[in-house]
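Trainee: just to be clear, the model below is a prediction. Sequence and coordinates:
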Amino acid sequence: MSAYWRPIPEFTGELNLAGGWARFSRLERLSRDAPPRIVPASDAPPGIVERLISPRAPVCGIGMARPSIMGIVNATPDSFSDGGRYEATAQGRALIAAGADLLDIGGESTRPGAADVTVAEETARILPAISALSPEIPVSVDTRKAAVARAALDAGAVLVNDVSGLDFDPGLSRLVAEAGVPVCLMHAQGVPATMQDDPRYDHVLLDVYDALSERVARAEAAGIARDRILVDPGIGFGKTRAHNLAILERISLFHGLGCPVLLGVSRKRFIGEITGAADAWQRGPGTLAVTLAAIGQGVQMHRVHDVAQLTQGLAMWRALTERTGI
């Protein structure tokens, strides 16, 4: 019976989680065959605690000991949230001014039901913004395609954010390994066109953890060092509202992969379902609430549309945690 070990963040914890701000002294022992059980960290098998407390390497020069903000720039006409509402370079500069630590620029919508975009069209959409903004701030390219990623890296991008977790294009893992850049591996069940038709899991939290563990192992086998890998549980990608909440409730489990965790919940449908905010533009407060809850579980990087709102929330979080010594 295999076990999974989730650190339980708490103010009085004796151990620093991933070399960051959250602390823990206890673990939740999870398995597919028995109810969860709380145990002292000292009861974990050899190597578990060491991986949980090991500091994470900086990503694109951004330290992982404090929460960071990835600003979303959709160079698409059909994003679920803001497609076609702004010019990408201008939006990127606005997000920089609002406090983003890096930008994620994408030219293919991955909303539920979205169709694929050709390499030529996707590349044409993103290159002007990447070329203009990369001298000012680290830029990530949001793509599943090696040819698009290669053009983006040549234009100045320094990170690849692949929603398929290197499953879509076999050439992308080789490119990332050769380029020596970081990569974010996200979990998704299915492809955007059909992923929300009827997603099913045996145990969503553990299924997603195992899938990401396999993706990390494959990335390492391709020559990508673990300290250049981020993981993202893929909230909303082939998951129902109940699935999303189950992952978020215990998201600190993913620190066990030994990589920084990136979370993207910004303006997503489940927030609207819970709060009644039908328009994606109205979901900023719900996004902030979910993000701060995840920060409480040690999640390092947060991909958001409303950078100014999260910057303000983080400023208050820091003021409070510095006073209490969290």
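Mentor: All right, it came through fine.
Trainee: how close does the residue nearest the centre of the chain get to Ser68?
Mentor: Centroid-nearest residue in the chain: Leu262, 2.5 Å away (criterion: CA atoms, centre = their mean). Distance of Leu262 to Ser68, given as CB to CB, to the nearest Å: 9 Å. Where you see a C-beta, it was placed from the backbone N, CA and C, and this is true even at glycine.
Trainee: pull up the overlap in contacts between those two.
Mentor: Gln300, Met301, His302 (CB atoms under 8 Å, 6 or more residues apart in numbering).
Trainee: and the residue nearest to the second one when sequence neighbours are not counted, what element?
Mentor: So that's Met301. Spatially, and ignoring its direct neighbours in sequence, Met301 is nearest to Leu262 (4.3 Å; CB to CB, 6 or more residues apart in numbering). Assigned by DSSP states H and E, Leu262 falls within strand 262-263.
Trainee: who touches that strand?
Mentor: By CB under 8 Å, 6+ apart, the residues outside strand 262-263 that reach it are 70, 161, 184, 186, 230-233, 235, 251, 291, 294, 299-303.
Trainee: please repeat the previous calculation with a cut-off of 10 Å.
Mentor: Residues from elsewhere that reach strand 262-263 (CB atoms under 10 Å, 6 or more residues apart in numbering): 59, 67-68, 70, 104, 140, 161, 184-186, 230-235, 247-248, 251, 254, 290-291, 294-295, 297, 299-304.
Trainee: quick one: which of these sit in strands?
Mentor: Counted as lying in strands by DSSP state E, out of those, are 68, 70, 104, 140, 161, 184-186, 230-232, 301-304.
Trainee: in the stretch 51-200 of the chain, which spans are helices?
Mentor: In the stretch 51-200 of the chain, the segments counted as helices under DSSP state H, counting those that start in this stretch are 88-98, 119-133, 146-155, 170-179.
Trainee: out of those helices, the one nearest Ala44 is which?
Mentor: helix 170-179 (31.3 Å; CB to CB).
Trainee: average pLDDT across that closest one?
Mentor: For helix 170-179, mean pLDDT rounds to 97.
Trainee: list the buried ones in it?
Mentor: Leu172, Ser173, Leu175, Val176, Ala177, Ala179 (16 or more other CB atoms under 10 Å).
Trainee: which residues touch Pro35?
Mentor: Arg29.
Trainee: circling back to that earlier point, let me know the closest of the buried residues of helix 170-179 to Leu153.
Mentor: The closest of the buried residues of helix 170-179, once distances to Leu153 are taken by CB to CB, is Ala179, at 5.6 Å.
Trainee: as JSON lines, the shared contacts of Leu262 and Ser68 with neighbour count, distance to Arg267 and pLDDT would be great.
Mentor: What follows is the shared contacts of Leu262 and Ser68, written out as JSON lines (neighbours: other CB atoms under 10 Å; distance: CB to CB, whole Å; pLDDT from 0 to 100):
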{"residue": "Gln300", "neighbour count": "27", "distance to Arg267": "21", "pLDDT": "98"}
{"residue": "Met301", "neighbour count": "23", "distance to Arg267": "17", "pLDDT": "98"}
{"residue": "His302", "neighbour count": "28", "distance to Arg267": "13", "pLDDT": "98"}
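Trainee: nice, that's everything, thank you.
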